[in-house]
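# next input, structure requested:
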Amino acid sequence: MKNESNLIPEHIGIIVDGNRRWAKKQNLPSLEGHRVGANRIKEIAEYALTRGVKILTIFVFSTENWKRSQEEVGYLFKLFTDFLNNEAENLSKRGIKLQILGDRSKFDDHFMRVIDNAEKITTEADKGLLNLCLNYGGRDEIVKAVQKIVANKVAESDITEDLIKQNLYSKNIMDPDFIIRTSGEQRLSGFLTWQSVYSELYFAQKMWPEFSKDDFDLALAEYSNRQRRFGGN
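Alright, predicted model coming up:
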């Protein structure tokens, strides 16, 4: 029998939410909230993997986020660029593979080179996996999967759940056991729409920049106390 107190989800998804609201609450510019939030991603990602989590998928920029001001979008991509450039070697040394999940068609050539380089540096890592969802939308992901299937002229009778899964961005990644969202919002907002059907959900009241290792531990404790069901019981 499993010791429930030590039950650690293999794959955790996190929706990092509340950067701008946290900054406003602190009387700081909204961009400062994003900077602090980016540092928090690094801290929590490292901690999660030390706790035994094998896969961490973090929602950092949605397909809807392009609607924000050019200044904000530009600053976010500077943070993403700095993270990929500065952390790839460190991730590789720790055995953590990095993947970017999302529609890359809107990224410029420079950012694509940054992504390709970071993924290449970590490609042989095999102790953990960090996925960053960039220009990601769950419905958009499913639409693009269906488009690829149609383009390949697959017969209707051959279209299965497994075939759709194999055409998603996350085709070789197990579905998340547990999804955490910060800032008190209680919705998934298009995060892993296909993959999350049996995920346990946890909504933290704290905004992302103030979400600490202790808060992460509280979330893990909550997960350990749940009994997962997959429709058969």
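# centroid residue for this protein?
Nearest to the mean C-alpha position of the chain, counting by CA atoms, centre = their mean, stands I58 at 1.9 Å.
# on the three-state scheme, that one is what?
Put simply, I58 is strand when judged by DSSP: H, G, I helix; E, B strand; the rest coil.
# what sits against it?
13-14, 16, 41, 45, 130-133 (CB atoms under 8 Å, 6 or more residues apart in numbering). Heads up, the C-betas are built off the backbone N, CA and C, glycines and all.
# please tell me how far it sits from N6.
24 Å (CB to CB, to the nearest Å).
# same check, this time on S170
Applying CB to CB, the value for S170 to N6 is 27 Å.
# these two: which is more packed in?
Shown here are S170 and N6; by other CB atoms under 10 Å, S170 has more neighbours (21 against 9).
# show me the shaky parts of this protein.
Scanning the chain for pLDDT under 70 picks out 1-5, 230-233.
# give the buried residues for the longest helix belonging to the chain.
Ordering each helix of the chain by length in residues (DSSP state H) puts helix 70-93 first. Neighbour-count burial for helix 70-93 flags 75-77, 79-80, 83-84, 87-88, 91-92 (criterion: 16 or more other CB atoms under 10 Å).
# now those residues as JSON lines including distance to S224?
Putting the buried residues of helix 70-93 into JSON lines (distance: CB to CB, whole Å) gives the following:
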{"residue": "Y75", "distance to S224": "38"}
{"residue": "L76", "distance to S224": "34"}
{"residue": "F77", "distance to S224": "37"}
{"residue": "L79", "distance to S224": "33"}
{"residue": "F80", "distance to S224": "33"}
{"residue": "F83", "distance to S224": "30"}
{"residue": "L84", "distance to S224": "33"}
{"residue": "E87", "distance to S224": "29"}
{"residue": "A88", "distance to S224": "32"}
{"residue": "L91", "distance to S224": "27"}
{"residue": "S92", "distance to S224": "31"}
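# identify the farthest-apart pair in those residues.
Distance extremes for the buried residues of helix 70-93: the farthest pair is Y75 and S92 at 26.6 Å, using CB to CB.
# residue boundaries of the helices in this protein?
For the chain, the helices defined by DSSP H occupy 19-25, 30-50, 70-93, 109-121, 138-151, 161-165, 213-224.
# mind putting these into a markdown table with distance to Q205?
Listed next are the helices of the chain as a markdown table, based on distance: least, CB to CB, whole Å:
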| stretch | distance to Q205 |
| --- | --- |
| helix 19-25 | 12 |
| helix 30-50 | 16 |
| helix 70-93 | 24 |
| helix 109-121 | 33 |
| helix 138-151 | 24 |
| helix 161-165 | 33 |
| helix 213-224 | 9 |
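# let me know which of the ones you listed is the nearest to S196.
That would be helix 138-151 among these, by CB to CB, at 8.0 Å.
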